[in-house]
Each structure stands twice: as structure tokens, then as C-alpha cells.
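Student: task: produce atomic coordinates for the following.
(2 chains)
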Amino acid sequence: MKRLLIAAFASLAFTALADGENTSYSPNIGVTEISPTLQNTIIPVKFTSLAGGTERTIKAVDLVHPVGIPSGTQLYVFVDNKYEAFVMGTNEWAPLTTTSTSDPSLHTADIGQVAVAGTALWLVFPQAPAGTQKVYIYGEVVANPTSAITAGAKATPVSNLLCNPTDSAVAIGEKLSGITLAKGDKIIPIGATFAGEYVYSGSVWWHVNPNGTIDKENVTLPSIPANGGFWFVSKGGTGAINW
Amino acid sequence: MKKTIAALFAVAATAAFAGANDLLIMFSTPGVDKYADGTTVLDGESYALVWTPTEGAQETVLSVPLAKDGKCPPVLFVVDENDAPKYKDGTWGVFLLDSRDFAKDATGKTLAALDESGKPSVVNVKASVADGLAKSSGFASAVASKGVSAGEYDLEGANVPKPVVAGIKIVGANVIVTVKNTVPFVGYTLQAGDDVSNFAVPDGASTEAGSASNEINLVAPKKDGAQFFKVSTIK
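Tutor: Residues are numbered from 1 along each chain as shown, chains lettered A, B, ... in the order given. The predicted structure follows:
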């Protein structure tokens, strides 16, 4: 019997397989390095959880790796029209307790708070980085990234903090085919190169200055830079941006 | 004695757009934070976000009863954009409150900063905030760089409870009077007189700060013959 066993193991010796021939692959994993220079930085949610599954989510504290992030840095997830906040302690994110004029009851963020792919987070340093600051985000690469809009209404608009999860600038106006727009919807790009906001008139987009005056009617929406953030304030607009 | 409270911080505001036009103020202290009487802040004491308008009375907008181990852990105050119109032309500040439950006065009202609904409010504040946050939206940091102290209190109009003599004894050449029902930010001394119609603070009489939880002892020289005493607060 001993000889038979040896023969059986010999038959299991591995031979190199050509790619594609009975080869299995893990999902694609991504690590992105962001080099912020400002005190407040947009973090794109362009990955989902390494645990897999069908939900396009990842725990916010898992997305942003603690390494190199100074103590006191805050991480803000915008969900259900309010912020869930975390603060960096000693190499570990901790939930912040929040009180708001709209809801004075104390609320502590859930350490398991997820961020949905296609949305964006705020990272706020104790002060603007003095030297080179690196922020690493990582997770499972999202195939066919989208940014879903949570719809609001005229009287009760809903703000959506979204991102361009791709690695190239995108003309946002070319990506709205999946959205049914409503009059009053707004797109507010985030970044020093932008000013004011874009408001949907019902047929065209207007650019409105920061002081609320109308700059121009019937404008072309700007490009959102790679990994850049923007607000979509819905007054009825619904759907998703397909990047 | 008129005393005032000052805000705890000078804020370096940021300029970025926060989103939804909310104002988000993160606050914390490294400790040790103290009440006006120098004692360490108790667990559960409140820190309050206070609005000081250019004209008008201060308003306690939000408060968090989160003091722990003598300091305030990181907390986030959020002023919703829909409430922003109420807060123009003024500054924000964060105050350490003193909401200890002191002995009540004759009306049953505590001196410490609890309003009718039992929520902490700023104690007798009349001073304007020297350095405050004028930002109306965005992220702001109000993190204190060192332990903070509750400002002194403006006692004008405050109902200081009547002190109660708990005991009296003679030790050597002195009379020692034990007093309860005192409050820590008020000073106390003994007045003495040969009769009940004429009191004054005698030479050698001690002065002591009140205590939130303990009795205090006041000392005055003993004279021969009859002597009358009463405890008085010092202003």
C-alpha cells in the first residue's frame, strides 16, 4: 500500500499552467496614494470592502489607512444629510460624539459606518500639512463605478457628497444621462479652482456666483478632476452617474 | 465682587467649503480642566457652544455633558445650515460650565447653571468673548492646547444661598465656626459684634472660599465677654 500512496502523490505534482488555463483570480485590489496639501481634503470612495460581497460599500475607517495620519485628524462621512465623524487617535480611528442644532441629542458615530462607492469623504487635518503628507486608501476595485443620487424634494433638498472615482478628469455634463434632473438641482464642485455652483433651471445649467448672483445662463458643466469631489444637491433629481 | 466668564479658546478657522453649508466645530481639551474654584472638572460636566452676538444676549446653543478624567474628549458641534440665519454678526465660543448641584436657595433654585428644563446654561455671563469663531460654515477647530479653566462668575443678580452654621467651638484664643451651604466661587468670613445690632469683620478673622460639597471653617479671635457672630459672604 505504501507504494500506491507514493504513486498517488506523484500524480499530483504541479505543472506550470498557461494563463487562463484553469487559473483562478482574486478580485482586483487597489491602493491609491493621495498627497493632500490643504487642511481639508476630499477622499474618493473608489474601492469597496476587501471582504467582497455584493454591496458597493466599505467601512470608512477601513478605506483610509491610519499609517502616517496625524493624531487629531478627522474623517467625515456624509450620510442621510448629516455627518458621521471619526478622529484619529494613536494609529486608530475613533468615533466622535456629535451634537447638532437640528438634533441636539448626543450621537456617537458607528465605527462600522460604511461609505458607498462613488461617494466622497472629508479628511480634515489638525492643520494644513507642512511637508509631504501621504494618505493611502485601499480596497477592492469597483467594476463599472457609479455615483447614486439620493433624491430630495423642492422643499427638502438632499445633499449628496460624491466623487469622480476614475483616474482621469471627467466632464460631468457628459455623465448625467442616468439622472432624471429636477429644476433647482445643484452641482457644486469642490476645489480651489471652482467658485460658486451650478443650478439646473429645468432645461439648462446656470452658473451662480458665491454671493448668490447669476453669473451665466446656459453653461457647460465643468470637468471634475480625477478623484475629485463635488456636491449634488437634489431637489428631485434622481438616478446615478455612470462613470 | 463682579466676575465674568471668558471663552476657552482662540479659534483658527479654516476656509474650505464643508458641505451642506453646515458649520462643524471640533472641540477637545488635553486637561486638566478646572472649575473657577480650582477643583478638577467632574466627570459628566458640560462644555457648551455659545453664541455671542455683536448686540444682544449670549445664547447657549449646544452643550455636551462629556467631561471625563478632567478633560473634554473630542466632540463635534454642528450648526445646521438652516439655523445659520439666526447666527449672524457675532462669534462662537466654547465654555466650560459649572453645573454642580449646589445647595438650593430659599426659592429652590440652584445657583449653578441649570435652566428650567434642567439643561446646563452659561452661568451669569455678561462678558463678551474675546477671541471667538466668526466663521459661518465649514470646518473649524476649537481644540484647546492646554487645560482650561471655567471663568469666574458674574455674581450680580445671582442667588447665593444663605450659609448655615453647622458648629462652633473655642480652640485656644480663637472661635472656630463650621459653615455649610456654601458655594465655591464665593468667599466667606466671620463678622463679630458685642451685640446683634452691630457687626463688623474683626482683625484676625479668616476668609475662606466656599465648597461645593464640604463644610468650611472660619476663624475669628475670641474676646472676653459675650460675643456674637454671623457668617457673611465677601464681595
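Student: only C-alpha atoms from now on, for both contacts and neighbour counts.
Tutor: Noted.
Student: where does chain B dip in pLDDT?
Tutor: Across chain B, the ranges flagged by pLDDT under 70 are B:1-20, B:36-37, B:101-136, B:145-146, B:149-160, B:184-185, B:212, B:235.
Student: hmm, try it at 50
Tutor: Applying pLDDT under 50 to chain B picks out residues B:1-19, B:103-106, B:109-111, B:122-131.
Student: cool, and chain A?
Tutor: Ranges of chain A meeting pLDDT under 50: A:1-18.
Student: closest to the centroid, which residue in it?
Tutor: Note on chain A: the residue nearest the mean C-alpha position is residue A:45, at 2.4 Å, using Cα atoms, centre = their mean.
Student: quickly list the domain ranges of the chain.
Tutor: Looking at chain A here, since you left the chain open. Domain assignment for chain A, taken from automatic domain parsing, gives A:25-143, A:144-243.
Student: my question was about chain B, not that one.
Tutor: Residue ranges for the domains of chain B, per automatic domain parsing: B:1-160, B:164-234.
Student: around chain B, which positions in chain A sit nearby?
Tutor: A:39-40, A:81, A:85, A:87, A:96-102, A:104, A:106, A:124, A:126, A:159, A:161, A:190, A:231 (Cα under 8 Å from any Cα of the partner chain).
Student: mind redoing it with 7 Å?
Tutor: A:40, A:96-102, A:104, A:159 (Cα under 7 Å from any Cα of the partner chain).
Student: list buried members of those residues by neighbour count.
Tutor: A:40, A:96-101, A:159 (16 or more other Cα atoms under 10 Å in any protein chain shown).
Student: quick one: contacts for residue 173?
Tutor: All of this is about chain A. A:220-221 (Cα atoms under 7 Å, 6 or more residues apart in numbering or on different chains).
Student: not quite, I wanted chain B
Tutor: So residue B:173 contacts B:221-222 (Cα under 7 Å, 6+ apart).
Student: could you measure from it over to chain A?
Tutor: Per Cα to the nearest Cα, to the nearest Å, residue B:173 is found 57 Å from chain A.
Student: where along chain A do the helices fall?
Tutor: Ranges of helices in chain A, per DSSP state H, are A:2-10, A:60-63.
Student: near chain A, which residues of chain B?
Tutor: Counting by Cα under 7 Å from any Cα, chain B sits next to chain A at B:16, B:20, B:62, B:74-80.
Student: narrow those to those in helices?
Tutor: Reading helices off those, I find no matches (DSSP H).
Student: now these as TSV including neighbour count?
Tutor: What follows is these, written out as TSV (neighbours: other Cα atoms under 10 Å in any protein chain shown):
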residue	neighbour count
B:16	17
B:20	21
B:62	23
B:74	22
B:75	27
B:76	27
B:77	25
B:78	25
B:79	25
B:80	19
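Student: which two of these have the greatest separation?
Tutor: Spanning the widest gap among the residues of chain B next to chain A are B:16 and B:62, at 23.2 Å by Cα to Cα.
Student: and residue A:218, how close does it get to residue A:145?
Tutor: Residue A:218 is 28 Å from residue A:145, where distance means Cα to Cα, to the nearest Å.
Student: mind checking which of these two has more residues around it?
Tutor: residue A:145 (18 against 14; other Cα atoms under 10 Å in any protein chain shown).
Student: where does residue B:86 fall, phi/psi-wise?
Tutor: Note on residue B:86: its backbone torsions stand at phi -80, psi -20 [degrees, to the nearest 10].
Student: ok, it - how many residues close by?
Tutor: 10.
Student: so residue B:29 touches residue B:72, yeah?
Tutor: Yes - using Cα atoms under 7 Å, residue B:29 makes contact with residue B:72 at a distance of 5.1 Å.
Student: which of the two has more neighbours?
Tutor: residue B:72 (29 against 21).
Student: my guess is that one contacts residue B:26. True?
Tutor: No - taking contacts as Cα under 7 Å, residue B:72 lies outside contact range of residue B:26: 11.1 Å.
Student: tell me where chain B has strands.
Tutor: B:12-13, B:23-27, B:47-53, B:59-64, B:75-79, B:90-96, B:138-141, B:164-171, B:174-180, B:187-193, B:207-209, B:216-221, B:228-234 (DSSP state E).
Student: any chance of these in CSV, plus distance to residue A:178?
Tutor: Listed next are these as CSV, based on distance: least, Cα to Cα, whole Å:
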stretch, distance to residue A:178
strand B:12-13, 39
strand B:23-27, 32
strand B:47-53, 43
strand B:59-64, 41
strand B:75-79, 33
strand B:90-96, 43
strand B:138-141, 31
strand B:164-171, 76
strand B:174-180, 73
strand B:187-193, 72
strand B:207-209, 71
strand B:216-221, 75
strand B:228-234, 74
